[in-house]
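**Q** Could you work out the structure for the sequence below:
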Amino acid sequence: MTLDFDATPDRNAGAPRKRRWVKRLWLILGGVGLAVTLISCATNRAVFAPPQIPGATFVGSETCSQCHEAIVRDFKTATHSRLKAEGDNAVNVGCESCHGPGSLHNSSGGAAQTIINPRRSPETCFKCHLDKRAEFSLPYAHPVLDGPHGRPVSAGGKISCGDCHQPHHGPAVIGGGTALATEFDTCGRCHTAQRGPFVFEHEAIREGCTTCHKPHGSVNPRMLAERNANLCLKCHFQQQTTPGAIFIGGQDHTTRLNRGTCWSAGCHEAVHGSHIGSSLRF
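**A** Residues are numbered from 1 along each chain as shown. Below you'll find the model as predicted:
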């Protein structure tokens, strides 16, 4: 677009052209503002389509309740219930948002192959949780994307999202909050060696495994949140009392920190707990 200013000294002749230019400028600025608003909305709120099953149509959550009465009844307590729509909209936003249209499943008397089971394919969960798919692709992650026996990723990994999360009732994260089971109990079902009990327990266990680990994936070995002593120093720190020295737990660690991480330098290798001493060396 060329902005053409009238060079004539006649002010009355140039006024209409100037007003047209100002009007164009406001239209341009308005268009830019609208574009920014649309981009902002699109990036802050994901829009996705429910899973599709060839030949099946949506029937609504009420139809699901005919066989799955307990699940539909308790769903109001679930974290995912916030996504449920009421009335006619529930046909597209409800049980079928994760399991796909249920007409074939209903007419076949509940045949498993006519419905999508998110436990077998994490791709259903990834439609909303896009960031988790990226985390599972990091170098160190739980084997949700690793298909056992050469199976493709779409067939599900060695573990599923449902092993740690509860989609149908209560908090989505099994354990934690007001639940009787703790986060440590949830991880301890598989990681039995780290569960204990120990004579000398690492206090971080009481806070939960995610204090030190990224449960979906990390760039660090063992899915650690930090790769070096900074992981421990988030909790174990003490004000320096001597110039040029680093005191942790009342002891000078100035030369020890150069040997490696706290758990690999022969100092505190029993990071989850010990039967020998409170320093968690063995």
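
**Q** Do you have the strands of the stretch 101-250 of the chain handy? List them.
**A** 140-141, 200-201, 217-218, 247-248 (DSSP state E, counting those that start in this stretch).

**Q** quick one: pLDDT of residue 97?
**A** For residue 97, the model assigns a pLDDT of 84.

**Q** Also residue 155?
**A** In this prediction residue 155 is given a pLDDT of 46.

**Q** just for the stretch 151-282 of the chain, where's the confidence low?
**A** 151-157, 175-181, 238-241 (pLDDT under 70).

**Q** Please repeat the previous calculation with a cut-off of 50.
**A** Confidence mapping of the stretch 151-282 of the chain against pLDDT under 50 gives the ranges 151-155, 180.

**Q** Likewise for the stretch 1-150 of the chain?
**A** 1-9, 11, 34, 36-45, 148-150.

**Q** Using a markdown table, please lay out the strands of the stretch 101-250 of the chain together with mean neighbour count and distance to residue 231.
**A** The C-beta positions use only the backbone N, C-alpha and C, and glycine is treated the same way. Formatted as a markdown table, the strands of the stretch 101-250 of the chain follow (neighbours: other Cβ atoms under 10 Å; distance: least, Cβ to Cβ, whole Å):
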| stretch | mean neighbour count | distance to residue 231 |
| --- | --- | --- |
| strand 140-141 | 17 | 14 |
| strand 200-201 | 14 | 18 |
| strand 217-218 | 20 | 11 |
| strand 247-248 | 16 | 13 |
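
**Q** And the ones you listed: which comes nearest residue 194?
**A** Smallest distance to residue 194 across those (Cβ to Cβ): 11.4 Å, for strand 200-201.

**Q** so what does that closest one touch, helix or strand wise?
**A** strand 273-274 (3 or more Cβ pairs under 8 Å, 6 or more residues apart in numbering; DSSP states H and E).

**Q** Give me the contacts around the strand it packs on.
**A** For strand 273-274, contacts defined as Cβ atoms under 8 Å, 6 or more residues apart in numbering pick out 196-202, 205, 280-282.

**Q** Pipe the strands of the stretch 101-250 of the chain into a markdown table and attach distance to residue 186 per row.
**A** As requested, the strands of the stretch 101-250 of the chain are exported to a markdown table (distance: least, Cβ to Cβ, whole Å):
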| stretch | distance to residue 186 |
| --- | --- |
| strand 140-141 | 17 |
| strand 200-201 | 17 |
| strand 217-218 | 17 |
| strand 247-248 | 30 |
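
**Q** So for residue 258, which of these sits nearest?
**A** strand 247-248 (13.6 Å).

**Q** How far off centre is the next helix or strand after that closest one?
**A** Sequence order places strand 251-252 as the next helix or strand after strand 247-248, per DSSP states H and E. Put simply, strand 251-252 sits 39 Å off its chain's centre (Cα atoms, centre = their mean, to the nearest Å).

**Q** and if you look at stretch 121-132?
**A** The answer for stretch 121-132 is 9 Å, by Cα atoms, centre = their mean.

**Q** quick one, what contacts residue 56?
**A** Per Cβ under 8 Å, 6+ apart, neighbours of residue 56: 100-105, 114.

**Q** Return the subset of those lying in helices.
**A** Secondary structure from DSSP state H places 103-105 of these in helices.

**Q** Columns distance to residue 171 and neighbour count on top of the residues you listed, output as TSV?
**A** As requested, these are exported to TSV (distance: Cβ to Cβ, whole Å; neighbours: other Cβ atoms under 10 Å):
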residue	distance to residue 171	neighbour count
103	32	17
104	32	18
105	27	24
